[in-house]
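In: coords please:
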Amino acid sequence: MPGSDFMHPQQCLNAKLRRAARVAAQLYQDTGASGLESTQFILIAAINGFGTCTLGELAAWVGIDQTTATRSVDLLRRRGLVSVTPGRADRRVRTLKLTEAGRATLAAALPGWRAAQSRTVNRLGPRRARQLLQLLAEFSALGQEEPASEQ
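Out: Numbering: from 1, shown residues only. Coordinates of the predicted model:
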């Protein structure tokens with residue numbers, strides 16, 4: 001059977017990815033005095049990058065479901081970091097934008113994130129960090145493709 005070395009539970013890609021995600025969360029958790037969780041940092045950085053986006057666009061970009069995005073954005077809204085307004089054409093669509101406080105919080109968190117990013121890239125080495133980014137992008141794309149047929 002091709003790829004039989006992958007059929008041992010200790011070679012489970014899902015388990016390895018989950019462990020890697022926990023390690024990444026630990027490496028990036030302390031983003032300084034901003035008071036943001038690493039997941040919250042990802043969300044406000046993404047919203048900032050978009051300028052203005054819908055909840056659906058944010059969820060798709062971050063790779064989370066709409067319900068999780070709604071809960072997470074609501075926490076940020078309650079902290080005054082994100083404004084949420086109904087869409088003009090379709091009031092069910094919610095448009096997101098960083099508030100002044102959100103931009104200030106992001107600015108405060110960036111030095112901690114940059115330090116974590118730098119430590120991580122230095123540990124892996126730039127070449128391997130780029131390879132990891134490429135592999136993760138390819139792996140993420142698997143969720144958008146039709147399953148490959150076995151040959």
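In: just how off-centre is the helix or strand bottoming out on mean pLDDT in the chain within its chain?
Out: Using mean pLDDT, DSSP states H and E, helix 13-29 stands out as the lowest-scoring helix or strand of the chain, at a mean of 89. Relative to its chain's centre, helix 13-29 lies at 12 Å (CA atoms, centre = their mean, to the nearest Å).
In: Can you give me the buried ones in the helix or strand following it?
Out: Of the helices and strands lying after helix 13-29 in sequence (DSSP states H and E), the nearest is helix 38-50. Under the neighbour-count criterion of 16 or more other CB atoms under 10 Å, helix 38-50 has 38, 40, 41, 42, 43, 44, 45, 46, 47, 48 buried. In short, each C-beta sits where N, CA and C put it, glycine included.
In: May I see those organised as TSV, with distance to residue 103 and pLDDT added?
Out: Listed next are the buried residues of helix 38-50 as TSV, based on distance: CB to CB, whole Å; pLDDT from 0 to 100:
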residue	distance to residue 103	pLDDT
38	19	84
40	14	91
41	13	92
42	16	93
43	14	95
44	9	96
45	11	96
46	14	96
47	10	97
48	7	97
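In: Specify which member of these is nearest to residue 97.
Out: residue 47 (6.9 Å; CB to CB).
In: Surely that closest one touches residue 102?
Out: Yes - here residue 47 lies in contact with residue 102, judged by CB atoms under 8 Å, at a distance of 7.5 Å.
In: what is in contact with those two at once?
Out: residue 82 (CB atoms under 8 Å, 6 or more residues apart in numbering).
In: If you compare the directions of the least confident helix or strand of the chain and helix 38-50, what angle comes out?
Out: Following axes from the mean of the first three to the mean of the last three CA atoms, to 10 degrees, one obtains 80 degrees for the angle between helix 13-29 and helix 38-50.
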